[in-house]
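*Asks:* show me how the following folds:
(chains A and B)
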2 protein chains.
Amino acid sequence: MTSQSASLELASERWTDPECPVARALDLVGDRWSLLIVRDAMDGVRTFTDLQRSLGVARNILSDRLRRLVAHGILAREIAPSGKRQEYVLTEAGHDLFTTVLALRQWGERHAFAPGESHSVLLDDTAAVVPELQPASHGGQSLTDRNTRVQKVETRP
Amino acid sequence: MTSQSASLELASERWTDPECPVARALDLVGDRWSLLIVRDAMDGVRTFTDLQRSLGVARNILSDRLRRLVAHGILAREIAPSGKRQEYVLTEAGHDLFTTVLALRQWGERHAFAPGESHSVLLDDTAAVVPELQPASHGGQSLTDRNTRVQKVETRP
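*Replies:* Predicted structure coming up:
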C-alpha cells in the first residue's frame, strides 16, 4: 500500500532531473528539515509536539514538511493507541532511508567535528559502534567517485 | 589544508543540533542544490557555466551554494590549466560524500521510479552496476534503524 500511494504522488511530481535517482531522492527528501524529521522518527519520536520540541523548528515549517513526507509515502499518519493523538510513523520507504541517514552521520563524524569534540554515536544491539559504510564492488574493490561512472539513459532514436 | 580551512569555518557555524553528526552534515550539505552540485562535481562538471547548464538553477542560487560549499571545505576553487577560467573541484571532504550520494541514488532507484521507468545507473570500472550498500555490524548482522540506537552525548555534571 505504501508503494502504491507513493507511486500516485510520484506521477504528479515535477522532477528536477527525471532520469537521475540522486536528483529524484533529493526532490523527495533533500531538505534539511525533512531528513531531520526522518532521523527523529527513526529514534522513535512520533508526535508533532515532540518533533517540534526536538527540532526547534517553526510550526508552519514542520507542518509543511510532515505533509510533504506523508504525501511522498515516507511517513504515514496513525492514531495513537489511546485513540486521541495523531502520530507519524515511517513507512517502509521511510525506514529504508536508514542507509542515507547513516552515510550522512558518518560523513558528519569525519568532517564536521573538531578533534576531541564529542558527538552522539550509533550503536548496534550489542552496544558496538556501527562500522563505517564501505562502498565496494561485487569483487570487493573499494569504490569511490574516482573509479565509478554514471551511465545516463540512452535517448531513444 | 582542506581540513584546516573547514575547521576554521566550522568554528563559526551555528549548528541546528550541535552534538548530532547527522544534523551537522545537513547543516553543511543538506540542501538539494548543494548535493546536486556535489553530484555533478563527482561526474566531472567543473565550471559555473557547465553547472548552470546541468542543473538549470538560477545563477544567484548557484553562486550562493558554490560560495557556501567552498567556505565549508567541500569544494575548492582552482584556475583551469588554460589560466583563464575558474573551476570548482571537490576537496577530500567533498569526495568523501560519495557514500552519501550513493545512498541517495540507491534509495531513489528503489522508491522514486515506477516499475519499468528508466534511470541512469552507476557502474564500476568493470562496467558492473555498483552493488547496494548494506549496513552491517562487525559480525555481519544486517543493520537497520530497528536494531540500532543513538547514544547521546552525556551531559557533564
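*Asks:* how near is the residue nearest the centre of chain A to B:S120?
*Replies:* Nearest to the mean C-alpha position of chain A, counting by Cα atoms, centre = their mean, stands A:L97 at 4.0 Å. Using Cβ to Cβ, to the nearest Å, A:L97 is found at 20 Å from B:S120. Bear in mind the C-beta positions are built from the backbone N, C-alpha and C, glycine included.
*Asks:* re earlier: wait, doesn't the residue nearest to the centre of chain A sit right on B:Q106?
*Replies:* No. Contact criterion Cβ atoms under 8 Å: A:L97 and B:Q106 do not qualify, at 10.8 Å.
*Asks:* what's the helix or strand for the closest residue to the residue nearest to the centre of chain A other than its chain neighbours?
*Replies:* Nearest residue to A:L97 in three dimensions, chain neighbours excluded: A:V38, at 5.2 Å (Cβ to Cβ, 6 or more residues apart in numbering or on different chains). Using DSSP states H and E, the element containing A:V38 is helix A:32-42.
*Asks:* ranges for the helices of chain A?
*Replies:* Ranges of helices within chain A are A:2-12, A:21-29, A:32-42, A:48-55, A:59-71, A:92-95, A:98-111, based on DSSP state H.
*Asks:* would you convert these into TSV that also reports distance to B:V45, mean neighbour count and mean pLDDT?
*Replies:* Converted to TSV, the helices of chain A look like this (distance: least, Cβ to Cβ, whole Å; neighbours: other Cβ atoms under 10 Å in any protein chain shown; pLDDT from 0 to 100):
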stretch	distance to B:V45	mean neighbour count	mean pLDDT
helix A:2-12	27	14	47
helix A:21-29	13	26	90
helix A:32-42	24	23	96
helix A:48-55	33	16	96
helix A:59-71	28	16	96
helix A:92-95	29	19	96
helix A:98-111	21	23	96
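*Asks:* quick one: closest of the ones you listed to B:A127.
*Replies:* helix A:21-29 (18.3 Å; Cβ to Cβ).
*Asks:* tabulate the CA atom coordinates of the closest one in PDB.
*Replies:* The C-alpha trace of helix A:21-29 is given here as PDB (Å, rounded to 0.1, in the frame of the first residue of the first chain):
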ATOM      1  CA  PRO A  21      17.900   8.700  -9.000                       C
ATOM      2  CA  VAL A  22      20.000  11.000  -6.800                       C
ATOM      3  CA  ALA A  23      18.100  14.000  -8.000                       C
ATOM      4  CA  ARG A  24      14.700  12.300  -7.500                       C
ATOM      5  CA  ALA A  25      15.700  11.300  -4.000                       C
ATOM      6  CA  LEU A  26      16.600  14.900  -3.300                       C
ATOM      7  CA  ASP A  27      13.400  16.100  -4.700                       C
ATOM      8  CA  LEU A  28      11.600  13.900  -2.200                       C
ATOM      9  CA  VAL A  29      13.800  14.200   0.900                       C
END
